[in-house]
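# The sequence isn't on hand, but the structure is:
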């Protein structure tokens, strides 16, 4: 099961906080997944198509319990994508128009409602239920082991902006992005995604995100340390080659035979251990020498070569 499916399933099992929360959830499912057909004045048919079992289960249960309407249910299987597709149809029936007004699909004059239904969102708990329903119906939550991304795909610019405003009112910054004739209400911040999921009741998803962030932090720390060590080794190797070149130059200039004892000691050490850093090179001496002491000898050799040139 994908991370999105796990989040949707967890959210679909959240209990209503008041008597109207289920209406808000049902309104969101219908608005995001539904297609309304009009066969004449006062005659409608509503279709809800989804690949998510949680959406189909919640849609049928709430429709029967709250609206008392007849539903036709069909399960289809895509041979191309090897997934189930659920089709729920609310055929034309006496109370369907009233139900569409209640759910905010139609206004009281029978016109289509472009934005979110204000009468459904009077209470804070109902606003949470509405956003939860939108996320169940059209949401995507990226696996936190990769990038952090949450989005809800919807139809209609006004509805998308109203939904983004509704999420922002919960203290979570949401943005709207047009996408191939539809709109995506999206969140990119890991902290904002966690906050929204916690508000909506998906505690397990929040725990999974925290766990993934902890693993990422450890991996990033290890990578930084490894890169730093490789950089140090590269610098040390380059410095050692320069020191060997200086020692060869001493011999070419005829300065090697009368070097001070300390500089001759360094030259022999470097020639014996051409790959070691100055710190490691100092540990090969008895008694050990510090990196600073050996570097000072390198500077003296550089001065001798420069003066001889």
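Now that the structure is in, tell me what you want to look at. Predicted model only: the values in this text are computed from it and were never measured.

# can you pull out the helices in the stretch 151-300 of the chain?
With DSSP state H, counting those that start in this stretch as the criterion, the stretch 151-300 of the chain has helices at 157-168, 190-200, 203-252, 261-272, 278-282, 291-308.

# I'd like the ones you listed as TSV, with mean neighbour count, distance to residue 121 and mean pLDDT appended.
Bear in mind the C-beta positions are built from the backbone N, C-alpha and C, glycine included. Shown next, in TSV, are those (neighbours: other Cβ atoms under 10 Å; distance: least, Cβ to Cβ, whole Å; pLDDT from 0 to 100):
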stretch	mean neighbour count	distance to residue 121	mean pLDDT
helix 157-168	19	7	95
helix 190-200	20	15	93
helix 203-252	13	24	79
helix 261-272	16	76	83
helix 278-282	19	66	80
helix 291-308	14	68	83
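
# any chance of the ones you listed in a markdown table, with distance to residue 61 too?
Listed next are those as a markdown table, based on distance: least, Cβ to Cβ, whole Å:
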| stretch | distance to residue 61 |
| --- | --- |
| helix 157-168 | 23 |
| helix 190-200 | 19 |
| helix 203-252 | 22 |
| helix 261-272 | 80 |
| helix 278-282 | 70 |
| helix 291-308 | 73 |
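
# where do the helices sit along the stretch 1-150 of the chain?
With DSSP H, counting those that start in this stretch applied, the stretch 1-150 of the chain shows helices at 3-12, 21-33, 53-62, 96-102, 124-138, listed in chain order.

# Of all those helices, which one comes closest to residue 272?
With distances scored as Cβ to Cβ, the stretch of the helices of the stretch 1-150 of the chain nearest to residue 272 is helix 3-12 (56.8 Å).

# Counting by contacts, list what that closest one packs against.
Secondary-structure packing of helix 3-12 (3 or more Cβ pairs under 8 Å, 6 or more residues apart in numbering; DSSP states H and E): helix 53-62, helix 124-138, strand 139-141, helix 203-252.

# Can you tell me how far residue 265 is from residue 205?
Using Cβ to Cβ, to the nearest Å, one gets 64 Å for the distance from residue 265 to residue 205.
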